[in-house]
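Undergrad: Model the structure of this input:
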Amino acid sequence: QVQLIESGGGLVQTGGSLRLSCAASGRTFSPYAMGWFRQGPGKEREFVAAIWGSASSTTYYYADSVKGRFTISRDNAKNTVYLQMNSLKVEDTAVYYCAAATKHGIASTTTLYDYWGQGIQVTVSS
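TA: This next block holds a predicted model:
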């Protein structure tokens, strides 16, 4: 079984930065894609960013709401994916979830992903 463990969340002021980490543990696996999603208060879970492909040909995909502010990256040697969040806004406040997909598909859809982390709170104050 694969476990995804997020870390790095917390409270930050508007305009600040945070870096989330997601470490995969358990049986060895090679995910097709890794993604970040978030769920704000009273909202549905929404796509934030995804990364897939080989080391020599990596694809990055972002939601419009975070494009230019967030950066997804990965360290395959550490089985870890990161989400660098800059210029944070109050509307970025949410529980952030890491996810891993073992099959090809549309990276922005929750249904693609087979494994999910427990979620980590990010709160941006004004």
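
Undergrad: Could you use CA atoms for every contact and neighbour count after this?
TA: OK.

Undergrad: Any regions of the chain where pLDDT drops low?
TA: The chain contains residues with pLDDT under 70 at 29.

Undergrad: Dihedrals phi and psi, the residue nearest in space to the middle of it?
TA: Note on the chain: the residue nearest the mean C-alpha position is Trp36, at 2.2 Å, using CA atoms, centre = their mean. Main-chain torsions, Trp36, degrees, to the nearest 10: phi -120, psi 140.

Undergrad: SS state for Thr111?
TA: Following DSSP: H, G, I helix; E, B strand; the rest coil, the label given to Thr111 is helix.

Undergrad: What count of nearby residues applies to the residue nearest to the residue nearest to the centre of the chain when sequence neighbours are not counted?
TA: Spatially, and ignoring its direct neighbours in sequence, Trp36 is nearest to Cys98 (4.7 Å; CA to CA, 6 or more residues apart in numbering). Applying other CA atoms under 10 Å, we find 30 residues neighbouring Cys98.

Undergrad: Relative to Gly16, how far out is Cys98?
TA: Plainly put, Cys98 is 21 Å away from Gly16 if you go by CA to CA, to the nearest Å.
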